[in-house]
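J.: Below: sequence and its predicted model.
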Amino acid sequence: GESVGLHLPTLSVQEGDNSIINCAYSNSASDYFIWYKQESGKGPQFIIDIRSNMDKRQGQRVTVLLNKTVKHLSLQIAATQPGDSAVYFCAENKGKIIFGKGTRLHILP
Amino acid sequence: DTGVSQDPRHKITKRGQNVTFRCDPISEHNRLYWYRQTLGQGPEFLTYFQNEAQLEKSRLLSDRFSAERPKGSFSTLEIQRTEQGDSAMYLCASSQRFGLARGYNEQFFGPGTRLTVL
């Protein structure tokens, strides 16, 4: 069965605000997670990853938080821009990638 | 362009016909993956190759599906006797495995081939 899943199918955020996309996983042995961004008509694009020996990892305008106690991870996007509009997937990398269902991020002007 | 490429980008076929898709991975990548994505869902793993060897196949890969990677470079995915349920986006990804005992390297995805079976 699915090992990762997202809480909300859609999220609407005002341009310039921060976005937070949440994800839960079921297997406490899972140790490598990735966030992907998929724009319409394109393949998934790697955003940021995190391994279970870390709680937090930061990239350019993005931060991933991992809470192993409650098996939850989140993607934070700072100062959301129109170009951030896409579907976001949390996924587990087990050699093959196990994707969740995705959250569509809408940017409001 | 040095990314993963797929051909064709779109394919419309009639039920019962055979179709073949091609994937060209990033040139130095020795692992190649196929995924299928239906509308509103995340991609689902189908199969993967390390060099020319097909190492794993999902239960989603029915007998009508066959994948090859004859020279360890490009790969083809063939679907025989297509059914309407085969309509989906077929994604290819590649990665480099550096011979680590444990550890999975980043997979780079192509743009996909969108298949519509009428």
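T.: Yes, it's here.
J.: what residues does chain A put near chain B?
T.: A:32, A:34, A:41-46, A:49, A:89, A:91, A:93-102 (C-beta under 8 Å from any C-beta of the partner chain). C-beta here means a position set from N, CA and C on the backbone, and glycine is covered the same way.
J.: Filter those down to the ones in strands?
T.: Assigned to strands by DSSP state E, the following of the residues of chain A next to chain B qualify: A:32, A:34, A:45-46, A:49, A:89, A:91, A:93-94, A:96-99.
J.: Buried ones among these?
T.: Listed as buried from these are A:32, A:34, A:49, A:89, A:91, A:93, A:96-99; burial here means 16 or more other C-beta atoms under 10 Å in any protein chain shown.
J.: so where's the chain uncertain?
T.: With no chain named, the answer covers chain A. Applying pLDDT under 70 to chain A flags residues A:1-2, A:6-7.
J.: To clarify, I was referring to chain B.
T.: For chain B, residues meeting the criterion pLDDT under 70 lie at B:1, B:98-104.
J.: how about the residues of it near chain A?
T.: With C-beta under 8 Å from any C-beta as the criterion, chain B comes near chain A at residues B:4, B:33, B:35, B:40-45, B:48, B:56, B:91, B:93, B:104, B:106-112.
J.: Can you pull the phi/psi pair for B:Ile79?
T.: phi -120, psi 120 (degrees, to the nearest 10).
J.: roughly how far apart are it and B:Gln17?
T.: 9 Å (C-beta to C-beta, to the nearest Å).
J.: Tell me what residue 94 is bridged to.
T.: Assuming you mean chain A. A:Lys96 (DSSP bridges).
J.: oops, I was thinking of chain B
T.: On the basis of DSSP bridges, B:Ser94 is bridged to B:Leu32, B:Phe108.
J.: Assess the claim that it and B:Glu28 are in contact.
T.: No: counting by C-beta atoms under 8 Å, B:Glu28 is not a contact partner of B:Ser94; they are 9.3 Å apart.
J.: Look at the two and report which has more neighbours.
T.: B:Ser94 (26 against 8; other C-beta atoms under 10 Å in any protein chain shown).
J.: ok, now which ones touch the more buried one?
T.: B:4, B:23, B:25-26, B:29, B:31-33, B:107-108 (C-beta atoms under 8 Å, 6 or more residues apart in numbering or on different chains).
J.: Pretty sure B:Gly85 sits in a helix.
T.: Yes: assessed by DSSP: H, G, I helix; E, B strand; the rest coil, B:Gly85 belongs to a helix.
J.: How far does stretch B:72-81 stretch from one end to the other?
T.: Stretch B:72-81 has an end-to-end distance of 27 Å (C-alpha to C-alpha, to the nearest Å).
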